[in-house]
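**Student:** got a predicted structure plus its sequence, pasted below:
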Amino acid sequence: MVEPNTALPPRLLRTPEAARFLGLSGRTLEKHRTYGTGPTYMKIGGRVVYAVADLQSWAARGVKSSTADPGRDTVHPARRITEDRSFVGG
């Protein structure tokens, strides 16, 4: 028997849908894309699309169990990162 999800292509979301999925504004997701701090994306025919799996993976980088938990990674704010990995404007 064939697994039902193996035949389906990955679900792709445009920026407004992806932003709603993450609980962000579309503008914030655009800033993340500009500064390179957001989830990976694809351009298809000039349109930006996000795979649901990539959105989930990016959001999971911020998972923590307490305020003292350093976590495994960081979801950075939507701001430009300088050469020394600090943020411009804050």
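**Tutor:** That came in fine, so what should we check first? For clarity, every value in this text was computed on a predicted model and none was experimentally measured.
**Student:** so which residues of this protein form helices?
**Tutor:** Along the chain, the stretches classed as helices by DSSP state H are 15-22, 26-35, 52-60.
**Student:** now stretch 15-33: average pLDDT?
**Tutor:** Taken as a whole, stretch 15-33 carries a mean pLDDT of 95.
**Student:** end-to-end on it?
**Tutor:** One end of stretch 15-33 sits 10 Å from the other (Cα to Cα, to the nearest Å).
**Student:** got the contact list for it?
**Tutor:** 13, 38-39, 41, 48-50, 52, 55, 59, 78-79 (Cβ atoms under 8 Å, 6 or more residues apart in numbering). Every C-beta, even on glycine, is put in place using the N, C-alpha and C of the backbone.
**Student:** could you list the low-pLDDT ranges of this protein?
**Tutor:** For the chain, residues meeting the criterion pLDDT under 70 lie at 1-9, 71-72, 76-77, 81-90.
**Student:** center of this structure - which residue?
**Tutor:** For the chain, the residue lying nearest the average C-alpha position, counting by Cα atoms, centre = their mean, turns out to be residue 39 (2.7 Å).
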